[in-house]
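Enquirer: Just need the structure, nothing else, for what follows:
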Amino acid sequence: MSFTKSLLDGLNPFSKKGPVPTSDVSRGMSSKYLTSLIGTPGAGKTVTSNLAFYTARTLQQQLPGFFCSIDDTNSRIKQDIADMEGGHFPPKTRAYNTYAYQAALNMWWGKNSLFGQKSATFAVCDLAGEDQLITSQYASQPGPQAYSQAAKLVEYIYRSQILILAAPASRAPVFDNDTSVEYEEADVKFNPDVRLSDIFDQLIKKRKQQNRPFKGVILVLTKVDMVDKYVEEKWGWDLYENEGHMRAFLNKYFPWTTMSLKTLTDTWSQTEVMILPMFVETKKNSDGTQKKWPDGTPIIDVKDRTIKYNSKGMVNMINFIGRLV
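Expert: Below you'll find the model as predicted:
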């Protein structure tokens, strides 16, 4: 499916709900409609947010009446997207950087009329997983200043209406002898499933104390292209089109995270859940291995500055957020 065709599949993302106030955006953040990304280091949080913004920018080029703007005062998301169009993945999010990784994507459909304007604000706090762990007492406190910075970022997450969880398929032990394509960083003692579920459970606990359900949770299964063919051959799973197969993959390789998801939906039946596969294609050598830049990072497969990725999935994410707000 072509990139343009994928985008056109998502006509009018915001047609089912009334207008959403977008004036309450401070330093790139909306206190009411904040969308936060959570995941372990290197899980693909920054890439996920970049692709959501990139997709919206392309939608406004392709679809009459669809508009968007980006407030990136406190982030480098525009530069990251430009770098991705040149084949470079963005740098990893560093911990303890107050206000360093926040951006707001404002989207609206149609011109002002008697019936109002359909709109949504996708405000993102891309939080390094270690920040959340610090404030949740899963790691030692790094010092008063760092703790204070992390705590400020985490407070945004506690106020989020929509939560995005990044679960790296590349780190699932899908191969023989429980091996995976990638591994957590050397200083990380938890596997990605345990760590992600720990973070998620803390957020659920906090929201229960506040009696504030999430509007929606999006579980992004990142780097699916690194395991898709193997699990299809081994289990017959299609990780792109079959949600039942995606859930089967998560049940098997991210059992603690799926348990947390079930706890969430049992606690708040009205909270909507979406599972989204995500990948960015990389250039390959003749033997199938990834081509890499001199610094060792993979080269994104780009043609005419168009990134090759799951554009249809990102349109679905925008639709999902648009319906919720």
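Enquirer: quick one, what contacts Gly236?
Expert: Gly236 makes contact with His245, according to C-beta atoms under 8 Å, 6 or more residues apart in numbering. Where C-beta positions appear, they are placed from N, C-alpha and C, glycine not excepted.
Enquirer: thought Lys284 was touching Lys291?
Expert: Yes. The pair formed by Lys284 and Lys291 meets the contact definition of C-beta atoms under 8 Å, at 6.4 Å.
Enquirer: With Ala167 as the reference, measure out to the residue nearest to Ser170 when sequence neighbours are not counted.
Expert: Excluding its sequence neighbours, the residue lying closest to Ser170 (C-beta to C-beta, 6 or more residues apart in numbering) is Lys223, at 3.9 Å. Separation of Lys223 from Ala167 (C-beta to C-beta, to the nearest Å): 10 Å.
Enquirer: and what of His245?
Expert: 15 Å.
Enquirer: Tell me which of these two has more neighbours.
Expert: Neighbours per residue, other C-beta atoms under 10 Å: of His245 and Ala167, the larger number sits with Ala167, 26 against 18.
Enquirer: Report the secondary structure element holding the more buried one.
Expert: Using DSSP states H and E, Ala167 falls within strand 162-168.
Enquirer: list the contacts for Gly87?
Expert: Residues in contact with Gly87, defined by C-beta under 8 Å, 6+ apart, are 283, 293, 299-302.
Enquirer: Now list the buried members of the residues you listed.
Expert: 299-302 (16 or more other C-beta atoms under 10 Å).
Enquirer: which stretches of the stretch 51-200 of the chain have low pLDDT?
Expert: Regions of the stretch 51-200 of the chain meeting the criterion pLDDT under 70 cover residues 73-74, 93-102, 110-118, 123, 125-156, 183-190.
Enquirer: Just the helices from it, written as ranges.
Expert: 77-85, 129-135, 144-158, 192-210 (DSSP state H, counting those that start in this stretch).
Enquirer: Figure out how far stretch 317-325 is from the centre of its chain.
Expert: In terms of C-alpha atoms, centre = their mean, to the nearest Å, the centre of stretch 317-325 is set 14 Å apart from its chain centre.
Enquirer: Now that stretch: buried residues?
Expert: 317-325.
Enquirer: Now that stretch: average pLDDT?
Expert: When pLDDT is averaged over stretch 317-325, the result is 81.
Enquirer: all numbers from here: first residue = 35
Expert: Got it, the first residue is 35 from now on, which makes the last one we talked about stretch 351-359.
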